[in-house]
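K.L.:
got a predicted model here, sequence first, then my questions.
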Amino acid sequence: MGFTFACRLMLLVAAASMLGVSHANKDWGSPKSSYTGWGWGWGWGWNSTNKHPLNETQGPQKMIVGGSQNWHFGFNYSQWAFQNAPFYFNDTLVFKYDPPSNNTFPHSVYLFPDRWSYLNCNLKRAKMIANATQGDGDGFEFVLDKWSPFYFACGERNGIHCKAGGMKFMVVPLFRFHY
């Protein structure tokens, strides 16, 4: 009982602390803020890529994974995710990729259950969430609907696209606070 109570208490204190810090720093990087020069572009403060200050977006956003590059072999999606952070609860990721043909390799989208599987591109327990044809047209949409890490990768070619092709990334959505 003591351990469970202690864990719950620590989670409550951590959540209260995060809420307090986010409220105290609600204007970080915004144009109305007195802090200037915080535009690092990597997820804290004003981000020139996604054009919104930290934690002050108006509502859920739709983002195309890879931007204009879409979902393809040889692109560094971990870097893309880092540069486009933060991601928020209920944001939608759109995976766009060409359907398989004689001229293209097929792609898919897998969701890994844990960090170890993600780091090793181990598809044994991963779940396919979009097959090779679902990225065509408007693409496959995935809503970040819980507050936990999401580990994505292409599972084609037995994980080679994940291991050697840079087709993997992770996001941890934040809660969006409105003041």
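P.N.:
Sure, I can see it.

K.L.:
only C-alpha atoms from now on, for both contacts and neighbour counts.
P.N.:
Will do.

K.L.:
which strand residues bridge Leu174?
P.N.:
According to DSSP bridges, Tyr88 are recorded as the beta-bridge partners of Leu174.

K.L.:
neighbours of it, how many?
P.N.:
As a burial measure, Leu174 scores 18 neighbours (other Cα atoms under 10 Å).

K.L.:
what residues does it make contact with?
P.N.:
By Cα atoms under 8 Å, 6 or more residues apart in numbering, Leu174 lies in contact with Pro86, Phe87, Tyr88, Phe89, Trp147.

K.L.:
now for the third one: which residues touch it?
P.N.:
Shown here is Tyr88, whose contacts under the criterion Cα under 8 Å, 6+ apart are Pro60, Leu144, Val172, Pro173, Leu174, Phe175, Arg176.

K.L.:
isn't the last one right up against Phe89?
P.N.:
Going back to what we said before, that points to Arg176. Yes. At 6.9 Å, Arg176 counts as touching Phe89 under the criterion of Cα atoms under 8 Å.

K.L.:
picking up where we left off before, and the contacts of Leu174, which are buried?
P.N.:
With burial judged by 16 or more other Cα atoms under 10 Å, the buried subset of these is Pro86, Phe87, Tyr88, Phe89.

K.L.:
let me see the ranges of the strands in this structure.
P.N.:
In the chain, strands defined by DSSP state E lie at 62-64, 92-95, 109-112, 127-130, 140-143, 150-153, 168-171, listed in chain order.

K.L.:
now for the ones you listed, which one comes closest to Gly74?
P.N.:
For Gly74, the closest of the strands of the chain is strand 168-171, at 10.5 Å, according to Cα to Cα.

K.L.:
so what secondary structure elements neighbour that closest one?
P.N.:
Contact here means 3 or more Cα pairs under 8 Å, 6 or more residues apart in numbering; DSSP states H and E; on that basis strand 168-171 packs against helix 77-84, strand 150-153.

K.L.:
what mean pLDDT does that strand have?
P.N.:
Computed over strand 168-171, the mean pLDDT rounds to 97.

K.L.:
which residues sit against that strand?
P.N.:
Judged by Cα under 8 Å, 6+ apart, the contacts made with strand 168-171 from elsewhere in the structure are 76-78, 81, 87, 118, 149-154, 162.
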